[in-house]
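1. no sequence on this one, just coordinates:
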């Protein structure tokens, strides 16, 4: 069988995994009801949001596991942990009593398509942005419209859907030799068409009312459509065999202990540096050496003050919408999820069409630009307007998604692919730190204003998040400056890659 088929089949499996892996993106849709059902304050609700992200502090364990254990086992472990965590929340809400999947997805994308990793990672990461939309569609289609039933629906889906999909896709994760494929360009072009159609559908159905069941059926068909790529390659292969009556042999190139498929031409390179040069890696660094690198600490701070702030905003979106008198929290969640989808896709789209352009921005430079626009979106939120709320929510979703996608490839570029699983999980460990610190700020400001209110501890009005939004905007501005510093420090490496 051509190496294209299992590798593209593995990529399709990753798309499905990512589309149901962003369970935290649906949190704002039911957070207010969860707060009411558990009779907890906004501060304790923030503790719960922190607890849901706290697993990332030990995310490096999944990276180590991915190095020493079969990816199928790591994947099933992630699904099982999610089942246990969300299952317990479900039992609490009805009063009866996830970084592992990400590691597998990114590892498969980078290993199977090292020469096209920006494109592969961006496309797969974009589907995680759909999770909030997908879970909202399922809840709207099959669960009662009452807040308590909808909340229970989100939690039970968050518990069982990832586990089911992990089980279905575990044996589709390609484990073949990595490398650039001669048919990668056409495959990614078709994938872009499908992915953009999926994103447009998600945005349109988030804004235009339609029967929930029909919306869900349409989304399911779009999620199945990427299967056309590996099936198409398999059909082409069978037709070729039947016409030529001969077997096509693949030729491999060896880079140290790793092999890269290059079709019918062989180029021999030896040593770790040769591999780094071939796939555009600055240097291979073990996770124990990250702490000694200034670039790591700048990069870590960029992520802490940028994407982490965006995720904290999304965690608090339910209370922000409620405080402004906007009842359509679910539509806001679907909107941020849908636009986050395009944000995650944008870097891979630009890399696919403009990677050879001398004017193409490096990953740190792209982060700096995205963070600057994200800061503007937070400042716009200070305007008391539903247009500002919806527009800024969409913008923050886009730029948070863009930076999240860029971060995956940036980690691989700056610190290598060999220890990527561990290194990137160390980087994203700042998400729970941001959830706790920046979320705690939001909760305290909210709580102080709610004490003088009349609505059962709820805070209503712009003042509930005004100070918080200003601080978050300032943090994003700081992150943009730090990203610019990282851009200057690494300009030599990125300039060499363009030449």
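-> Good, I have the coordinates. If you're wondering where the values come from, they're calculated on a predicted model, not measured in any experiment.

2. got the contact list for residue 366?
-> Counting by CB atoms under 8 Å, 6 or more residues apart in numbering, residue 366 makes contact with 347, 402, 406. Glycine gets a C-beta too; all of them are placed from N, C-alpha and C.

3. any idea which helix or strand carries it?
-> Residue 366 is located in helix 363-380, with elements delineated by DSSP states H and E.

4. hmm, back to that, give me the lowest-pLDDT entry from the contacts of residue 366.
-> Within the contacts of residue 366, residue 347 has the lowest pLDDT, namely 84.

5. by contact count, what packs against the host helix or strand of that residue?
-> Element membership of residue 347, judged by DSSP H and E, is helix 329-354. If you count contacts as 3 or more CB pairs under 8 Å, 6 or more residues apart in numbering; DSSP states H and E, helix 329-354 packs onto helix 27-37, helix 117-128, helix 131-142, helix 184-207, helix 317-323, helix 386-415.

6. taking these together, which one is wrapped up most tightly?
-> helix 117-128 (a mean of 28; mean count of other CB atoms under 10 Å).

7. Please, where are all the strands along the stretch 151-300 of the chain?
-> 252-255, 258-261 (DSSP state E, counting those that start in this stretch).

8. If you tally nearby residues, what's the number for the nearest residue to residue 112 once chain neighbours are set aside?
-> Of all residues not flanking residue 112 in the chain, residue 7 sits nearest, at 4.5 Å (CB to CB, 6 or more residues apart in numbering). By the criterion of other CB atoms under 10 Å, residue 7 has 27 neighbours.

9. Likewise for residue 373?
-> Residue 373: 15 neighbours (other CB under 10 Å).

10. still on that earlier bit, wait, which of the helices and strands packed on helix 329-354 is closest to residue 467?
-> helix 317-323 (12.8 Å; CB to CB).

11. now for that closest one, which elements pack on it?
-> helix 27-37, helix 329-354, helix 386-415.

12. go again using 6 Å as the cut-off
-> Identification of packing neighbours for helix 317-323 by 3 or more CB pairs under 6 Å, 6 or more residues apart in numbering; DSSP states H and E yields helix 27-37, helix 329-354.

13. Can you tell me which of these has the worst average pLDDT?
-> Minimum mean pLDDT among the helices and strands packed on helix 317-323: helix 27-37, a mean of 63.

14. if we can go back for a sec, compute the inter-axis angle for the helix holding residue 366 and helix 386-415.
-> 160 degrees (axes from the mean of the first three to the mean of the last three CA atoms, to 10 degrees).

15. wait, isn't residue 348 in contact with residue 119?
-> Yes - using CB atoms under 6 Å, residue 348 is in contact with residue 119, at 4.4 Å.

16. just for the stretch 101-250 of the chain, where's the confidence low?
-> Residue ranges of the stretch 101-250 of the chain with pLDDT under 70: 144-145, 147-148, 174-183, 236-250.

17. can we see that at 50?
-> Where the stretch 101-250 of the chain drops to pLDDT under 50, the residues are 175-176, 179, 245-250.

18. where in the stretch 251-400 of the chain is pLDDT low?
-> For the stretch 251-400 of the chain, the ranges with pLDDT under 50 are 251-279.

19. List just the one of the helices and strands packed on helix 329-354 that sits closest to residue 234.
-> Per CB to CB, nearest to residue 234 of the helices and strands packed on helix 329-354: helix 184-207, 12.4 Å.

20. Residues touching the closest one, excluding its own?
-> When contacts are defined by CB atoms under 6 Å, 6 or more residues apart in numbering, helix 184-207 is touched by residues 8, 116, 119, 123, 133, 215, 222, 225-226, 229, 334-335, 338, 341-342, 345.

21. of these, buried ones?
-> Using 16 or more other CB atoms under 10 Å as the burial test, the contacts of helix 184-207 include 8, 116, 119, 123, 133, 215, 222, 225-226, 229, 334-335, 338, 341-342, 345 as buried.

22. Farthest pair within these?
-> 116 and 215 (32.1 Å).

23. buried ones in the helix or strand containing residue 474?
-> Assigned by DSSP H and E, residue 474 belongs to helix 466-489. By 16+ other CB under 10 Å, the buried positions in helix 466-489 come out as 466-469, 471-473, 475-480, 482-487.

24. try stretch 344-353
-> Result for stretch 344-353 [16+ other CB under 10 Å]: buried residues 344-352.

25. Please tell me how far residue 338 sits from residue 345.
-> Going from residue 338 to residue 345 by CB to CB, to the nearest Å gives 11 Å.

26. swap that for residue 188, sorry
-> 12 Å.

27. so what's residue 434 closest to, chain neighbours aside?
-> Residue 434's closest residue in space is residue 308 (CB to CB, 6+ apart), at 3.0 Å.

28. what packs against the helix or strand harbouring the one you found?
-> Per DSSP H and E, residue 308 falls inside helix 307-315. Contacting helix 307-315 under the criterion 3+ CB pairs under 6 Å, 6+ apart are the following elements: helix 386-415, helix 430-450, helix 466-489.

29. these two touch, right, residue 165 and residue 20?
-> Yes - with contact defined as CB under 6 Å, residue 165 counts as touching residue 20 (5.2 Å).

30. neighbour count winner among those two?
-> residue 20 (26 against 20).

31. hang on, the more buried one in a helix?
-> Yes - remark: residue 20 belongs to a helix, assigned using DSSP: H, G, I helix; E, B strand; the rest coil.

32. Now do the contacts for it.
-> Residues near residue 20 by CB under 6 Å, 6+ apart: 161-162, 165.
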